[in-house]
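# Could you look at this predicted model? Sequence included:
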Amino acid sequence: MRVMGVDPGLTRCGVGVVDGAPGRPLRLVHVSVVRTGPDDDHALRLLEVERGIEAVMDELRPEAVAVERVFSQHNVRTVMGTAQAAGIAMLAAARRGLPVALHTPSEAKAAVTGNGRADKAQVTKMVTRLLALDAAPKPADAADALALAICHVWRGGAARQPAHAFRSRIEEAARAERERLAARRTGGTVQ
């Protein structure tokens, strides 16, 4: 199974793709960081994050997407940008009919290190080892994205809900919304 992990952020959004299955070796497919300028227009920054994420999805075709669950931080401005970037990743996946899972930072840390309170250096070291990389992925956002993908693979997440079943639900919801809007334009009602 191919899983794309996204460590959401507005300035640095980590993106990592791995191939693997529970109990089998993992293989790095891709790792990168989508960067935006902190002084750029907010809407344009979100557009850049979307373009970066969608480019990876279009080229590498993951079967599932694992996004870091946004948690409350003391800096509301930071958490808002992080939540917006996470929403973009989820929307891009849903647009392609891909199942999305949210994993907390401690879940990803525990999956790769065995310790949900591991620091960034420990996570990076284990991601490097698990993927048999010659060099550690940098910055930490890249390693965190790979940790999310590894966590999802090892938890068997992509196997829980086949992508075709997820796509069917999305297509059904879109069809129902189109019918509702058409009925509204013609004065009819749709339940």
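On my side now, so go ahead. Residues are numbered from 1 along each chain as shown.
# how about the strands of this protein, start to end?
Secondary structure of the chain (DSSP state E): strands at 2-7, 12-19, 27-35, 64-68, 100-103.
# So which bits of the longest one are buried?
Spelled out, it's strand 27-35. L28, V29, H30, V31, S32, V33, V34, R35 (16 or more other Cβ atoms under 10 Å). To be clear about C-beta, it is placed using only N, CA and C from the backbone, and glycine gets the same treatment.
# burial measure for T78, as a count.
13 (other Cβ atoms under 10 Å).
# Over to D41?
Neighbour count for D41, taken as other Cβ under 10 Å: 10.
# go on, V112?
25.
# now R2
R2: 18 neighbours (other Cβ under 10 Å).
# and it, what does it touch?
R2 makes contact with V17, V18, D19, V29, L60, R61, P62, E63, A64, according to Cβ atoms under 8 Å, 6 or more residues apart in numbering.
# tell me which of these is nearest to I150?
I150 has its nearest neighbour among those in V18, at 6.0 Å by Cβ to Cβ.
# for that closest one, which residues make a bridge with it?
On the basis of DSSP bridges, V18 is bridged to V3, L28.
# wait, it sits on R24?
No: contact between V18 and R24 fails when scored by Cβ atoms under 8 Å: they sit 11.3 Å apart.
# And these two? Which one has more around it.
Shown here are V18 and R24; by other Cβ under 10 Å, V18 has more neighbours (28 against 11).
# quick one: contacts for that one?
Contacts of V18 (Cβ under 8 Å, 6+ apart): R2, V3, G5, L26, R27, L28, V29, L131, L146, A149, I150, V153.
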